[in-house]
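Asks: My questions concern the predicted model and sequence given below.
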Amino acid sequence: MPLSFTLEEKDKACLAALAKQSIQSAFDGASAAPELPTTFAGDSPLRRNLGVFVTLSLRGRLRGCIGAIIGREPLYINVWRMARAAAFEDGRFRPLTPDEWRNCEVDISVLDELTPCPDPEKVEIGRHGLVLQYGGRSGVFLPQVPVEQGWDRLRYLDHLCLKAGVPPGAWRKPEARLYWYEAFVFKV
């Protein structure tokens with residue numbers, strides 16, 4: 001299943017600038033997202049309601065990652081909000097400092113539509129992101145996570161269970177709901 005959108009260099013450059021501007025402007029005391037330039041008119045993917053995750057890394061270690069699996073607003077606004085949230089609202093970390101920000105790396109993962117996974121055997125490492133819902137709990141991994149961690153498909157699925165706070169193997173239960181998606185991932 002190919003992605004339902006493409007991001008050209010100008011799209012990536014605009015999203016990268018928005019992510020950086022969002023975080024920097026928070027340090028500067030500004031809050032509102034800017035308007036999208038009119039050059040991104042009509043059916044630009046930046047105007048589509050697409051899910052997105054923004055990941056911050058500092059010296060090769062995760063420093064913040066926040067996202068929305070399903071886009072409920074235009075992508076450019078979603079990137080603005082998620083960049084700021086990754087920097088200042090990820091509960092696993094204290095808020096980012098200006099000194100850390102100068103050395104941060106930023107990745108943006110633009111998510112395509114979330115659909116039920118027809119068969120866990122078809123999950124491809126590096127291609128499919130996953131969402132598991134089971135027992136009132138849920139967990140999500142971006143497609144690049146199992147690659148970064150060196151997991152095979154079964155370890156990927158079991159770690160997804162752990163992230164959801166359920167026992168490994170819960171993805172096999174008939175009442176478990178497994179969804180997959182693809183993402184366009186790029187470094188800022």
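Replies: Yep, that arrived. Numbering: from 1, shown residues only.
Asks: quick one: contacts for the residue positioned nearest the centre of the chain?
Replies: In the chain, the centroid-proximal residue (C-alpha atoms, centre = their mean) is F53; its distance is 2.2 Å. Residues in contact with F53, defined by C-beta atoms under 8 Å, 6 or more residues apart in numbering, are C65, I66, G67, A68, M82, I108, S109, L111, L142, A183. C-beta here means a position set from N, CA and C on the backbone, and glycine is covered the same way.
Asks: go on, R127?
Replies: Contacts of R127 (C-beta under 8 Å, 6+ apart): P143, E182.
Asks: mind listing which of the contacts of F53 are in helices?
Replies: M82 (DSSP state H).
Asks: how many neighbours does the residue nearest to S31 when sequence neighbours are not counted have?
Replies: Excluding its sequence neighbours, the residue lying closest to S31 (C-beta to C-beta, 6 or more residues apart in numbering) is S25, at 7.4 Å. When neighbours are defined as other C-beta atoms under 10 Å, S25 has 16 of them.
Asks: low-confidence ranges in the chain?
Replies: Applying pLDDT under 70 to the chain picks out residues 1.
Asks: in it, which spans are strands?
Replies: For the chain, the strands defined by DSSP state E cover 51-58, 61-68, 104-111, 115-116, 129-134, 137-141, 177-181, 183-187.
Asks: What pairs with the last one, parallel or antiparallel?
Replies: Just to be clear, that refers to strand 183-187. Sheet pairing of strand 183-187 (DSSP bridges) gives strand 104-111 (antiparallel).
Asks: quick one: buried residues of the strand it pairs with?
Replies: Neighbour counts over strand 104-111 (16 or more other C-beta atoms under 10 Å) mark C104, V106, D107, I108, S109, V110, L111 as buried.
Asks: same thing with stretch 124-133?
Replies: Buried, per 16+ other C-beta under 10 Å, within stretch 124-133: I125, H128, G129, L130, V131, L132, Q133.
Asks: which other residues reach the helix ranked longest in the chain?
Replies: Determined from DSSP H, the single longest helix within the chain is helix 9-28. The contact list for helix 9-28 (C-beta under 8 Å, 6+ apart) reads 7, 31, 33-34, 36-37, 39-40, 44-46, 54, 75-76, 79-81, 83-84, 87-88, 96, 98, 101, 106, 108, 110, 186, 188.
Asks: Let's see which of these end up in helices.
Replies: If you go by DSSP H, those have L75, Y76, V79, W80, R81, A83, R84, A87, F88, P98, W101 in helices.
Asks: If burial is judged by neighbour count, which of those residues pass?
Replies: Burial by neighbour count, judged by 16+ other C-beta under 10 Å, picks out L75, Y76, V79, W80, R81, A83, R84, A87, F88, W101 from the ones in helices among the contacts of helix 9-28.
Asks: how near is V123 to G150?
Replies: Using C-beta to C-beta, to the nearest Å, we find V123 at a distance of 16 Å from G150.
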